[in-house]
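Enquirer: coords below, sequence missing:
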């Protein structure tokens, strides 16, 4: 399948890749027809999805099976009046119906809006009004169903709600009954153009209301690099990305690039993450490739990994937050596998990464993906030099990269603010070393300016996390008359240290940070809290900490 979209598929070096990697984008590309149905036609028995849950259920789906189920789902959606351009929210956790539904929506030219099951009535109401959502397809679980039902009276655009079960309350259509009774699917006449919106994500909202990030129908092709040249997948791979389908990471690691590469996606449908269970899944199903955020790897290395046969695992990638080198070294010691880091946003595909032919530098994101023209800019707009911090930007004067977002839906002003003069500003700050590797510093709004130094929250948080007392932490800047700002650390303590919360422990942690990183970065203020403010997706809301500090001053 790669040969269908790339002139050259095998690369020996970064120079070779930069010079010869090029995506051939077909007219009116549609992932449902041009990838899923293409596999079903040429290799119908090729396994596409291995699904299991924490109650012992298991099923495999071939590409022929995914085509059949997505066709039935598309035909059913047509009976509900869903068609080209309609906005449809998917709240499906890790249920296999997610794959049927999103492919069906692509085949109809509709817009898929994956969403988390953690949304409340208020969240659903806001999203329905902001996007004009036409239908909601959700898991049939009591809490989710209640929040959806409570949102309906204030969501006039929503005309249809569907449950995939097990509960089908009054007012909700039955997904499986609907797909069973639907007539055979017939492809609509003109489904889409490449510029049409196919996918929308509401961002986490770490500093305000969630933004509506839209992608066009070519977006899946941007994930060829994700799967084939970061996850390092091939036709014999069984890949596990640990992510709920409500988050963008799911289509990064559980759908688009993986199926273009012909790999099989592994899905473990579980209610609560347990490191031992995940290691058991890797052992029992012979997972070959794993991608997860650093937090997951921190939990895995705390387990006795010698109890599991992980010999099938050949490759591991990591993203979602900056990687602490301690995690890299410990995982490498236990498995012999080097974690290959990457960076991207909801607005992009993989933008900076560690390629398979590169030697990773623990804590570095890697080098730019050549399909993106990446640079670092100083606040005055000039290019930063090696060793100097700058905002990560993508230049689009020559062309718009395949995978870069289309716009913030219904918000032209916000789109222009982030993307103007042929430059997309990511809002993330990094620095580049003499070998061209990029190192994450933090969000531009989070960088602390103290006594002439620019201090990234991540570098201080990494030092704090090496102290056994610290379970979670958030570093922010506090205004100071002399220094401009001083570093503050808001900490959640480990259970064994909670009784010691006080000045002695503060001094101990401060001295520890001075030993681990440059002394000027140590937190002059430390506050102990029971929990940190977070978004629905679990990202720390540093803006909320800063706002509280402003109110308390």
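Expert: Noted; the coordinates are in hand. Small disclaimer: the values here were computed from a predicted structure and weren't measured.
Enquirer: Can you list the low-confidence ranges for the stretch 1-150 of the chain?
Expert: Nowhere does the stretch 1-150 of the chain drop to pLDDT under 70.
Enquirer: Please tell me how far residue 16 sits from residue 437.
Expert: To residue 437, residue 16 is 18 Å away according to CB to CB, to the nearest Å. For every residue, glycine as well, the C-beta is placed using N, CA and C.
Enquirer: the more surrounded of those two?
Expert: Neighbours per residue, other CB atoms under 10 Å: of residue 16 and residue 437, the larger number sits with residue 437, 21 against 13.
Enquirer: residues touching the more buried one, list them.
Expert: 361, 364, 365, 366, 367 (CB atoms under 8 Å, 6 or more residues apart in numbering).
Enquirer: Next: residue 196.
Expert: Contact analysis of residue 196 by CB under 8 Å, 6+ apart lists 84, 85, 109, 216, 217.
Enquirer: One more: residue 332?
Expert: Residues in contact with residue 332 (CB under 8 Å, 6+ apart) are 338, 339.
Enquirer: ditto for residue 217
Expert: Here residue 217 is in contact with 28, 29, 30, 31, 106, 192, 193, 194, 195, 196, 198 (CB under 8 Å, 6+ apart).
Enquirer: Helix or strand: which one has the nearest residue to the fourth one once chain neighbours are set aside?
Expert: To tie it back to what came earlier, the one meant is residue 31. Excluding the flanking residues, the one nearest residue 31 by CB to CB, 6 or more residues apart in numbering is residue 220, at 4.4 Å. Taking DSSP states H and E as the criterion, residue 220 maps to helix 219-222.
Enquirer: Toward the C-terminus, what is the element adjacent to that helix?
Expert: Following helix 219-222 in sequence order, the next helix or strand is helix 224-228 (DSSP H and E).
Enquirer: next one: that following helix to chain centre, how far?
Expert: 14 Å (CA atoms, centre = their mean, to the nearest Å).
Enquirer: Tell me which stretches of the stretch 301-450 of the chain form helices.
Expert: Ranges of helices in the stretch 301-450 of the chain, per DSSP state H, counting those that start in this stretch, are 325-335, 412-418.
Enquirer: Any idea how far apart the tips of stretch 146-162 sit?
Expert: End-to-end distance for stretch 146-162, by CA to CA, to the nearest Å: 13 Å.
Enquirer: what's next to that stretch, contact-wise?
Expert: 80-82, 87, 91, 119-121, 123-125, 128-129, 132-138, 169, 171-175, 178.
Enquirer: So among these, which ones count as buried?
Expert: By neighbour count, with 16 or more other CB atoms under 10 Å, those hold 80, 82, 87, 91, 119, 121, 123-125, 128, 132-138, 172-173, 175, 178 as buried.
Enquirer: Let's see which of the residues you listed end up in helices.
Expert: Under the assignment DSSP state H, the buried ones among the contacts of stretch 146-162 contribute 121, 123, 124, 125, 128, 175, 178 to helices.
Enquirer: Enumerate every residue touching the residue lying closest to residue 294 once chain neighbours are set aside.
Expert: In space, residue 294 comes closest to residue 323 once its chain neighbours are excluded; the distance is 5.0 Å by CB to CB, 6+ apart. Neighbouring residues of residue 323 by CB under 8 Å, 6+ apart: 294, 339, 341, 362, 363.
Enquirer: I figured the last one hits residue 328, correct?
Expert: Yes - with contact defined as CB atoms under 8 Å, residue 363 and residue 328 form a contacting pair (7.2 Å).
Enquirer: between the two, which one's more packed in?
Expert: Taking other CB under 10 Å, residue 363 and residue 328 do not tie; residue 328 has more neighbours (22 against 19).
Enquirer: Please determine how far that one is located from residue 353.
Expert: According to CB to CB, residue 328 stands 15 Å off from residue 353.
Enquirer: ditto for residue 476
Expert: Residue 476 is 29 Å from residue 353, where distance means CB to CB.
Enquirer: and which of the contacts of residue 196 is nearest to residue 45?
Expert: residue 217 (27.6 Å; CB to CB).
Enquirer: ok, back up a step: for the contacts of residue 323, name the two members farthest from one another.
Expert: Farthest-apart pair in the contacts of residue 323 is 294 and 362; separation 11.2 Å (CB to CB).
Enquirer: These two - which one has more neighbours?
Expert: Neighbours per residue, other CB under 10 Å: of residue 294 and residue 362, the larger number sits with residue 294, 20 against 15.
Enquirer: Confirm for me that that one is in contact with residue 325.
Expert: No - checked against CB under 8 Å, the pair residue 294 and residue 325 is beyond contact range at 10.6 Å.
Enquirer: burial measure for the residue nearest to residue 453 when sequence neighbours are not counted, as a count.
Expert: Distances taken as CB to CB, 6+ apart place residue 520 nearest to residue 453, at 5.7 Å, with adjacent residues excluded. The number of residues packed around residue 520, counting by other CB under 10 Å, is 13.
Enquirer: Report the contact partners of residue 520.
Expert: 450, 451, 453, 455.
Enquirer: of the residues you listed, buried ones?
Expert: Applying 16+ other CB under 10 Å to the contacts of residue 520 flags 450, 455 as buried.
Enquirer: which residue ranges form the helices in the stretch 51-200 of the chain?
Expert: Along the stretch 51-200 of the chain, counting by DSSP H, counting those that start in this stretch, helices occupy 63-79, 97-108, 121-131, 142-151, 175-181.
Enquirer: Kindly reformat the ones you listed as TSV containing distance to residue 332.
Expert: Converted to TSV, the helices of the stretch 51-200 of the chain look like this (distance: least, CB to CB, whole Å):
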stretch	distance to residue 332
helix 63-79	35
helix 97-108	33
helix 121-131	40
helix 142-151	40
helix 175-181	44
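Enquirer: Could you say which of those helices is packed most deeply?
Expert: Highest mean neighbour count among the helices of the stretch 51-200 of the chain (mean count of other CB atoms under 10 Å): helix 97-108, with a mean of 26.
Enquirer: Can you show me the strands along the stretch 351-500 of the chain?
Expert: 367-368, 373-377, 390-395, 407-408, 419-420, 423-432, 438-443, 448-450, 453-455, 470-480, 484-493 (DSSP state E, counting those that start in this stretch).
Enquirer: Which stretch among the ones you listed approaches residue 113 most closely?
Expert: Among the strands of the stretch 351-500 of the chain, strand 407-408 sits nearest to residue 113 (CB to CB), with 14.1 Å.
Enquirer: Which strands border the closest one, and is each parallel or antiparallel?
Expert: Note on strand 407-408: by DSSP bridges, its sheet partners are strand 212-216 (antiparallel).
Enquirer: The strand it pairs with versus helix 121-131: what angle between them?
Expert: 50 degrees (axes from the mean of the first three to the mean of the last three CA atoms, to 10 degrees).
Enquirer: so how far is strand 212-216 from its chain's centroid?
Expert: Centroid separation for strand 212-216 versus its chain: 14 Å, with CA atoms, centre = their mean.
Enquirer: Would you mark the buried spots in that strand?
Expert: Residues of strand 212-216 classed as buried: 212, 213, 214, 215, 216 (neighbour count, 16+ other CB under 10 Å).
Enquirer: Next: stretch 29-46.
Expert: Going by neighbour count (16+ other CB under 10 Å), the buried part of stretch 29-46 is 29-40, 43, 46.
Enquirer: For residue 88, which non-adjacent residue is spatially closest?
Expert: Of all residues not flanking residue 88 in the chain, residue 135 sits nearest, at 4.8 Å (CB to CB, 6+ apart).
Enquirer: mind listing what the one you found touches?
Expert: Counting by CB under 8 Å, 6+ apart, residue 135 touches 77, 80, 82, 86, 88, 89, 158, 159, 160, 161, 162.
Enquirer: Right, I'll call it a day here.
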